[in-house]
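Engineer: Take a look and give me a structure for this.
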Amino acid sequence: MRRDKKSIIRKKRMALGMYQYELAELMHVQPAAVSRWETRGVTMPRTAKRLAAIFKCDWRDLIDDGNLPKSTEVPQ
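Structural biologist: Have a look, this model is predicted:
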């Protein structure tokens, strides 16, 4: 069974004791973007890499599998 990538973002944020607005400030986005990632998932590798740096995890653990690039190379 596939892990729910959407809930991973929320769990990791909460494990750090962060509110959505705090993560939004670190990511330089509106809090609505964080809410969207937590409900719909992350689809952009660049966003996943930025989140992974904050959460100290592999970006592939955060991104929706259906949108993962075929190669492991991340577009710049």
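
Engineer: Residue 30 and residue 63: what is the separation?
Structural biologist: As judged by C-beta to C-beta, to the nearest Å, residue 30 and residue 63 stand 20 Å apart. For glycine as for every other residue, the C-beta is placed from the backbone atoms N, C-alpha and C.

Engineer: who has more neighbours, those two?
Structural biologist: Neighbour count, other C-beta atoms under 10 Å: between residue 30 and residue 63, residue 63 has more, with 23 against 12.

Engineer: so how far is residue 21 from the more buried one?
Structural biologist: Distance from residue 63 to residue 21, counting by C-beta to C-beta: 23 Å.

Engineer: Same question for residue 46.
Structural biologist: Distance of residue 46 to residue 21, given as C-beta to C-beta: 21 Å.

Engineer: What spatial separation is found between the residue nearest to residue 20 when sequence neighbours are not counted and residue 22?
Structural biologist: Closest residue to residue 20 apart from its sequence neighbours, by C-beta to C-beta, 6 or more residues apart in numbering: residue 34 at 4.3 Å. Remark: distance between residue 34 and residue 22 (C-beta to C-beta) = 9 Å.
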